[in-house]
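Let's see this in three dimensions:
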Amino acid sequence: MVENLEGISLKKFDDLLTLSQIGSKGFHKLKLVDLTEASPTIVNFFIQRQILNNVKWLCFKKCMIQTLPSNLFYCLQLKVLDLTQCLSLKKIPPFIGQLNALQEFDLNGCSKLKKLPSSIGQLNALQELNLNGCSKLKKLPSSIGQLNALQVLNLSWCSNLKELPSSIGQLNALQELYLYSCSMQELPSSIGQLYALQKLDLSWCSNLKELPSSTSQLNALQKLDLEGCSNLKELPSSIGQLNALQELDLSGCSNLKELPSSIGKLNALQELHLLECFDLEELPSSIGQLNALQDLNLAGCSNLKKLPSSIGQLNALQELDLSWCSNLKKLPSSIGQLNALEELHLHGCSKLKELPSSIGQLNALQKLQLYGCFNLKKLPSSIGQLNALKSFIYTGVPS
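Numbers count the residues shown, from 1 in each chain. Presented below is the predicted three-dimensional model:
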């Protein structure tokens, strides 16, 4: 029976007559309403009648609304509010703070939204706030630090966001913070107070010049993504204190000249990506202390001239990518100690003159790429000992 209807999807729906025939009483038990791309007349039908009072999941995705309907004030059971790609949405009314049950608030792609009301800090149950693509958003209200239940905050592609309020450090439950392609030059020192934070995405924040030393206090951090931070010149010396860090991506940090020696203290680190760090000339010897490291990507580090002998201590290393390290002339003999190594990429190492005979000791090696190594005069005879080798590409090596 229509009277017992709990969910309805009216995606791209514009038949007002049919809805009118059902009447408001037919919707009084609704808990789920999907109005994705519904016509303005259909949206108005719902918001002008008190038929949303029991709704827990409400979607206005791609609807042409400029603000939230005032009747939402009565949706006190609402848990999920989806306003994805409401391209005409310009403001969020202050009553949003009265939605005490709200757990997920999605404003992804609301490109005309310029600010959030301070009342947003009253959403005590809010766990996820998605502001991805809110390109006109310039700042966050300081009250955002009051969101004690917030676990995920997505500010990616907020290209006009130049700073974070210091109150962000009060988000005690925050586990994931996404700041992809934001315009900020620095982070507040209070970010070090985010003790539950597991993932911090700062990729393509091309204006970011440094990380605060307090970053090292993020004891739960498992992934730190700094890809494309082209103005970042150094990492804090205390970065080695990130005991839970498993993934560190510095790819495209083209002004990064060196890594701090403390990086060797990252005992949980499994992936280290340094792809196209053009100014990086060498690695600290402490890198050999990374006992959990499985993937080391140095592809395109065109100023890298040598590897430390300590690299042979990376007992867990499975993949080493040195492709297009065009200034690398030789490999340390200790590379033969990499007993877990399965892939070694050396293509495009145009100045590489020889391979150490110890390469034959790589018993787990399955893939070896050497094409484009035009100065490699000969291959060591020990290469025939690579019994696990499945793929061997050596185009460009003289016979």
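
all contacts plus neighbour counts: C-alpha atoms, from now on.
OK.

how about the helices of this protein, start to end?
Ranges of helices within the chain are 16-22, 40-47, based on DSSP state H.

For S285, see how far away K305 is.
To S285, K305 is 14 Å away according to C-alpha to C-alpha, to the nearest Å.

So which of the two has more stuff around it?
Between K305 and S285, counted using other C-alpha atoms under 10 Å, the more crowded position is K305 (19 against 15).

Now do the contacts for the more buried one.
Residues in contact with K305 (C-alpha atoms under 8 Å, 6 or more residues apart in numbering) are E281, E282, C325, N327, L328, K329.

same thing with L72?
I47, L52, N53.

May I have stretch 55-63 exported as PDB, CA atoms only?
In PDB, the C-alpha atoms belonging to stretch 55-63 read as follows (Å, rounded to 0.1, in the frame of the first residue of the first chain):
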ATOM      1  CA  VAL A  55      13.000  11.000   6.600                       C
ATOM      2  CA  LYS A  56      16.500   9.700   7.400                       C
ATOM      3  CA  TRP A  57      18.100   9.800   4.000                       C
ATOM      4  CA  LEU A  58      17.500  12.700   1.600                       C
ATOM      5  CA  CYS A  59      19.100  13.400  -1.700                       C
ATOM      6  CA  PHE A  60      18.900  16.600  -3.700                       C
ATOM      7  CA  LYS A  61      21.700  15.600  -6.000                       C
ATOM      8  CA  LYS A  62      21.900  17.900  -9.100                       C
ATOM      9  CA  CYS A  63      18.800  19.800  -8.100                       C
END
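
now it, how far from the centre of its chain.
Its chain's C-alpha centre and that of stretch 55-63 lie 26 Å apart, by C-alpha atoms, centre = their mean, to the nearest Å.

Check stretch 306-320 too.
The chain centroid and the centroid of stretch 306-320 are separated by 27 Å, computed with C-alpha atoms, centre = their mean.

which of the residues in it are buried?
306-308, 310-320 (16 or more other C-alpha atoms under 10 Å).

just checking, I359 touches I335?
Yes. Using C-alpha atoms under 8 Å, I359 is in contact with I335, at 6.7 Å.

Least confident of the helices of the chain, on average?
Of all the helices of the chain, the minimum mean pLDDT falls on helix 16-22 (a mean of 63).

What segments of the stretch 201-350 of the chain are strands?
In the stretch 201-350 of the chain, the strands defined using DSSP state E, counting those that start in this stretch lie at 223-225, 247-249, 271-273, 295-297, 319-321, 343-345.

and the ones you listed as JSON lines, adding mean pLDDT and distance to K353?
Below are the strands of the stretch 201-350 of the chain laid out as JSON lines (pLDDT from 0 to 100; distance: least, C-alpha to C-alpha, whole Å):
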{"stretch": "strand 223-225", "mean pLDDT": "98", "distance to K353": "34"}
{"stretch": "strand 247-249", "mean pLDDT": "98", "distance to K353": "30"}
{"stretch": "strand 271-273", "mean pLDDT": "98", "distance to K353": "25"}
{"stretch": "strand 295-297", "mean pLDDT": "98", "distance to K353": "21"}
{"stretch": "strand 319-321", "mean pLDDT": "98", "distance to K353": "18"}
{"stretch": "strand 343-345", "mean pLDDT": "98", "distance to K353": "15"}
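
how about these, which one is nearest P212?
Closest to P212 of the strands of the stretch 201-350 of the chain is strand 223-225 (C-alpha to C-alpha; 13.7 Å).

Counting by contacts, list what the closest one packs against.
Helices and strands touching strand 223-225, as assessed by 3 or more C-alpha pairs under 8 Å, 6 or more residues apart in numbering; DSSP states H and E, comprise strand 199-201, strand 247-249.

circling back to that earlier point, determine which two of the buried residues of stretch 306-320 are furthest apart.
Longest span within the buried residues of stretch 306-320, C-alpha to C-alpha: K306 and A316, 20.9 Å.

Could you give the number of residues near the residue lying closest to N148 once chain neighbours are set aside?
Counting by C-alpha to C-alpha, 6 or more residues apart in numbering, N148 lies nearest to L171, which is 5.7 Å off, once chain neighbours are set aside. By other C-alpha under 10 Å, the residues close to L171 number 23.

what's the answer for the one 10 residues further on, then?
Using other C-alpha under 10 Å as the criterion, S181 is surrounded by 23 other residues.

Now do the same for it: its pLDDT.
97.

any idea how far it lies from G109?
14 Å.

which residues touch the residue positioned nearest the centre of the chain?
Centroid-nearest residue in the chain, with C-alpha atoms, centre = their mean: D201, separated by 3.9 Å. By C-alpha under 8 Å, 6+ apart, the contact list for D201 reads L177, Y178, L179, Y180, K223, L224, D225, L226.

Try it again at 10 Å.
Contacts here follow C-alpha atoms under 10 Å, 6 or more residues apart in numbering; on that basis D201 touches 154-156, 176-181, 223-227, 249.

closest to L30 among the residues you listed?
Taking C-alpha to C-alpha as the measure, L30 sits nearest to N154 out of the contacts of D201, at 29.4 Å.

Please name the bridge partners of that closest one.
When assigned by DSSP bridges, N154 has beta-bridge partners N130, Y178.

what about it, neighbour count?
With other C-alpha under 10 Å as criterion, N154 counts 21.

Would you confirm that it contacts Q175?
No. The criterion here is C-alpha atoms under 10 Å, and N154 misses it with Q175 at 11.1 Å.

what residues are up against S88?
So S88 contacts K62, C63, M64, I65, Q66, T67, C110, S111, K112, L113 (C-alpha under 10 Å, 6+ apart).

quick revisit: who wins for most neighbours among the contacts of L72?
L52 (27 neighbours).

For the closest residue to that residue other than its chain neighbours, report the pLDDT, please.
For L52, ignoring the flanking residues on the chain, the nearest one in space by C-alpha to C-alpha, 6+ apart is C75 at 6.2 Å. What the model reports as pLDDT for C75 is 87.
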